[in-house]
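Student: Give the three-dimensional model of this entry:
(one chain, ligands or ions: 1)
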Amino acid sequence: MAVSPADRDPGRGLAPDPDRGIESDRRLLDLILHYDCNLACDYCTISPQMRTRVLSTAAAIAAMERARADGITRISLTGGEPTIRPDLLGLVRRAAGLGFGEIKLQTNGLLLGAGQNLARLIDAGVGLVHVSIHTHERGAYEALVRRPGTYDALVAGLRALVAARVPTMADVILQRSTYARLPAALRWLHALGITAADLWFVSLTDHNRDNVASMPRMTEVLPSLAAALSCADELGMRVRSLHIPRCLLGPLHEHAWNPADEGVRVVSPDASFDLRASRLTPGTRVPACSGCEHEARCPGIRADYLDRYGDAEFAAARGLALPRHLPVVPVVPVV
Ligand code: SF4
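Tutor: Numbering: from 1, shown residues only. Below you'll find the predicted structure:
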């Protein structure tokens, strides 16, 4: 899979105090079990070289034990695609045995509708599933994931989750080829029985660094996003927008959400780090931020976005006529 709430990122090293200012019962261990995947999404930040990296079973268990010793009660098992790991069920059982109160699986969902896979995962302890649907139409989905014949497996997985009444959230990517269909995607999810979604803004990092055509301006996306959020409100869906700052969302800014606020310890095959220190997490202030009403709740802007488009949109949203590419200030120090 290409994106998850813990951001696929080798990170900038271990931040010294990952739990500072976080309520202990919301802290999360995000365990990136490997980077391998059974899809090949066209916007994926994971390179072929990264796909060979694996967190060993022993290292995964050690990370779980450390997290529990530190009082962390939530865990997300992710990748890459975690359901292609042969030891996944054992790791879920181990997480349950260690007392994690919430065990989440972050997946592309393709294997959940097959045989007893979902029943086994639930029996082992999975209580929450995030499914990356990317986009909702067959042709667009299979073109994006670059694996013909996978759409039916996605839908079967979603239907299995709904039938089993597993709390499920869809992850939807906002990139140039998908954002216009966003209102329809939310209506499609609602019709299936899925009432929660996270909307991710595409990132120009790692393997997707040079795919600049995939990233639209945030202001280009806004009309479709606003229509989608309004539609979600009417349908009673819980939809969160990630990485688009509140100043651009205007009256819909309460939909903005920054997963790093919950205190996420990421353990990957490469590193252990606080999600706030990830370069895929918004973390840069620009001059327009000065005096902003949202400053206390806003993590800032993503560096890859500012590198591509500068800060003019944020200045305009604040009613300022500032030139592009003014000096920017990192909110989270690079470690
Ligand atoms: S702090 Fe900056 S980026 Fe955040 S909402 Fe305000 S102006 Fe926008």
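Student: Output the contacting helices and strands for the helix or strand harbouring residue 129.
Tutor: For residue 129, the host element (DSSP states H and E) is strand 128-134. If contacts are counted by 3 or more Cβ pairs under 8 Å, 6 or more residues apart in numbering; DSSP states H and E, strand 128-134 sits against strand 102-107, helix 138-145, helix 151-163, strand 168-174. The way it works is simple: take the backbone N, C-alpha and C, and place the C-beta from them, glycine included.
Student: Tell me which residues of stretch 166-179 come out buried.
Tutor: 166, 168-179 (16 or more other Cβ atoms under 10 Å).
Student: follow-up on the earlier one: and the strand holding residue 129, what's buried?
Tutor: 129-134.
Student: Then stretch 29-40?
Tutor: Within stretch 29-40, the residues scored as buried using 16+ other Cβ under 10 Å are 29-39.
Student: From those, pick the one nearest the ligand.
Tutor: residue 30 (23.9 Å; Cβ to the nearest ligand atom).
Student: looking at the helices and strands packed on strand 128-134, which has the lowest confidence?
Tutor: Among the helices and strands packed on strand 128-134, helix 138-145 has the lowest mean pLDDT, at a mean of 91.
Student: got the contact list for it?
Tutor: Here helix 138-145 makes contact (Cβ atoms under 8 Å, 6 or more residues apart in numbering) with 39-43, 108, 133-135, 148-151, 154, 177-178, 181.
Student: I would like the residues contacting the longest helix anywhere in the chain, please.
Tutor: As assigned by DSSP state H, the longest helix anywhere in the chain is helix 218-235. Applying Cβ under 8 Å, 6+ apart, the set of residues contacting helix 218-235 from outside is 174, 179-180, 182-183, 185-187, 190, 195, 197, 199, 201, 238-239, 241, 244-245, 248-250, 252, 255, 305, 309, 313.
Student: Swap in 6 Å and give it another go.
Tutor: Residues external to helix 218-235 that are found in contact with it (Cβ atoms under 6 Å, 6 or more residues apart in numbering): 174, 179-180, 182-183, 186, 190, 239, 244, 248, 252, 255, 313.
Student: Now do the buried residues in the next helix or strand after it.
Tutor: Scanning forward in sequence from helix 218-235 by DSSP H and E, the next helix or strand is strand 238-242. Neighbour-count burial for strand 238-242, with 16+ other Cβ under 10 Å as criterion, is recorded at 239-242.
Student: Report the contact partners of residue 61.
Tutor: Residue 61 neighbours (Cβ under 6 Å, 6+ apart): residue 94.
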